[in-house]
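Asks: sequence? don't have it. structure:
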């Protein structure tokens, strides 16, 4: 059934259709309506789950960790400062190999206070061992939650996943969403049945102390699991398309890239606007394309390397800044391409922080700029777009 709903309600329906058994809830703008909708589902009996109101986001993740260790499928949602408060237990969840699924409504960090979209909160958790999926639409939010459980609960993966939706652009904007029938989702996503869990009468250790002669092997296995998640995601998405008729592009969605001279690489909701810009520029004869990073973890190294070998220029738009050499997505994209014999001219564009609009005009100018850089080389590798006091060529 197609329904018009916000991205937050799409998250709630995704958790409901996945039959989450334990939901840990703590409110934070602009995530709150996710857990409010799930509370309605539980109260009405539409979802048979234990709903646990907790005192903080740290406690929300701790509750999911405990329930998942006992063998329950779990879900929670958060945003911004709530996500960063979880940082310690995010690492525990991945190290303990618990396939928790969580929505993060990506929002700028304070100070100054902001409740608008910015990817800094999500990007700051890139090293915690969680899978990270940046969604473009409300439909993708719902679908990716269902797929994430199937990917993460694979015995060769057993890692948690973060479904990322842009604050207000997706979280509070309504779009038509196809809500699949429960019995169809049940046939696609079987009940959670972990190989190991806390059970009465069975003595096991969970999260125990290990010495230096063992610790590295645990981290090595985490790395192997993240690699396995790449292949598992591709397989699950193929199966999802066969069942539901939809695909969202694997790890790196490519739009009009087959014959492109230059491409824009980005993540999140801005990709939808960028596709319109690509269409407009193509109509004028420009050979441009878009590559959307859907999975930031596992990172699409192979796909970016293959794409980079075919194009002359690659613009990477980051909606965050990590106070290093460049934005996080640019740094990782450049690292992926560094050892390629043929690689494009690359430039990083920092834009849209704190919810600032990334307009079609700005995107068009980025395409123009990278086309020039592809011909004559990059003068400045990182450029901040549309900032007061800087040249106003982006407006």
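Replies: Good, I have the coordinates. Treat the numbers as computed from the prediction; the structure is a model and nothing was measured.
Asks: residues contacting the residue lying farthest from the centre of the chain?
Replies: The centre of the chain is farthest from one residue, residue 201, which by CA atoms, centre = their mean lies 39.0 Å away. Applying CB atoms under 8 Å, 6 or more residues apart in numbering to residue 201 gives no contacts. In this view, the C-beta of every residue, glycine as well, is placed from N, C-alpha and C.
Asks: so how far is residue 40 from it?
Replies: Distance, residue 201 to residue 40, using CB to CB, to the nearest Å: 38 Å.
Asks: how much space between the residue farthest from the centre of the chain and residue 192?
Replies: 21 Å.
Asks: And the helices in the stretch 51-200 of the chain, which stretches?
Replies: For the stretch 51-200 of the chain, the helices defined by DSSP state H, counting those that start in this stretch cover 57-69, 81-85, 87-95, 120-123, 138-152, 182-188.
Asks: Just name the most buried of the ones you listed.
Replies: helix 138-152 (a mean of 26; mean count of other CB atoms under 10 Å).
Asks: Mean confidence (pLDDT) on it, please.
Replies: Average pLDDT, helix 138-152: 98.
Asks: What is that helix packed up against?
Replies: helix 7-17, strand 101-106, strand 131-134, strand 161-166, strand 174-178, helix 182-188, helix 212-244 (3 or more CB pairs under 8 Å, 6 or more residues apart in numbering; DSSP states H and E).
Asks: Please work out the angle formed by the directions of that helix and helix 212-244.
Replies: 130 degrees (axes from the mean of the first three to the mean of the last three CA atoms, to 10 degrees).
Asks: Quick one: distance of helix 138-152 to the chain centre.
Replies: 10 Å (CA atoms, centre = their mean, to the nearest Å).
Asks: do stretch 209-220 as well
Replies: Distance, centroid of stretch 209-220 to centroid of chain: 29 Å (CA atoms, centre = their mean).
Asks: between the helices of the stretch 51-200 of the chain, which one is nearest to residue 262?
Replies: Nearest of those to residue 262, taken as CB to CB: helix 120-123 at 24.3 Å.
Asks: Which elements pack onto the closest one?
Replies: helix 81-85, strand 101-106.
Asks: mind putting the ones you listed in CSV, mean pLDDT and distance to residue 58 included?
Replies: As requested, the helices and strands packed on helix 120-123 are arranged in CSV below (pLDDT from 0 to 100; distance: least, CB to CB, whole Å):
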stretch, mean pLDDT, distance to residue 58
helix 81-85, 98, 5
strand 101-106, 98, 13
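Asks: Let's have those in TSV, adding distance to residue 171.
Replies: TSV is the format used below for those (distance: least, CB to CB, whole Å):
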stretch	distance to residue 171
helix 81-85	13
strand 101-106	5
